[in-house]
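Asks: Show me the folded form of this:
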Amino acid sequence: MPDNAPLLDHAYLRDNYLSVGFGDVLRDVLITMRQQAVEYLSAAQDALKHQDRSALAETAHALKGSAGSVGASQLAATAERLEMAAPTENLAALSRRVAELALVTARTDRAFATELERPADDGWLDLL
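Replies: A predicted model of the protein is given here:
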């Protein structure tokens, strides 16, 4: 995914949730992803602290998949770069990548919050 990927891909949400009849679960999916993103970030920070490259790569891989499944494109791309770097990059470079992950996680969380402010009944209709 390119660096200029959206924080939250509305076309993805439309095509994979709303257009196929899963709009009623989208709110819960986004709430769950907000919680998971924070947990994955914490796990990545812990893995870095313990210099556990395998755990860092596994956590980044899991976050990449979860973020991708809700259209959180930048978060997925950032996690993918961390996953690929974890086995070989030096710890200083990995520390910078985890810091970038924290920044993108916070930005994505704000994007989730914005989406969750939409009215529950018909707030996502403009995405259709």
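Asks: Helices along this structure, start to end?
Replies: 10-13, 23-49, 53-68, 73-85, 91-116 (DSSP state H).
Asks: can you give me how far the helix or strand of the chain with the lowest mean pLDDT is from the chain middle?
Replies: For the chain, using mean pLDDT, DSSP states H and E, the weakest element among its helices and strands is helix 10-13, scoring a mean of 90. Mean-position distance between helix 10-13 and its chain equals 14 Å (C-alpha atoms, centre = their mean, to the nearest Å).
Asks: ok, and for that helix, which residues are buried?
Replies: Within helix 10-13, the residues that qualify as buried are 12-13, counting by 16 or more other C-beta atoms under 10 Å. Where C-beta positions appear, they are placed from N, C-alpha and C, glycine not excepted.
Asks: Also stretch 65-78?
Replies: 66-68, 70-78.
Asks: Quick check: end-to-end length of that stretch?
Replies: In stretch 65-78, first residue to last residue: 12 Å (C-alpha to C-alpha, to the nearest Å).
Asks: got the contact list for that stretch?
Replies: 1-3, 5-13, 16, 29-30, 33, 36-37, 40, 63-64, 79, 97, 100-101, 104-105, 107-108, 111-112 (C-beta atoms under 8 Å, 6 or more residues apart in numbering).
Asks: are any of these buried, and which?
Replies: If we count by 16+ other C-beta under 10 Å, those have these buried: 1, 5, 7-9, 12-13, 30, 33, 37, 40, 63-64, 79, 97, 101, 104-105, 107-108, 111-112.
Asks: Name the residues of stretch 31-50 that come out as buried.
Replies: 33-34, 37, 40-41, 43-45, 47-48.
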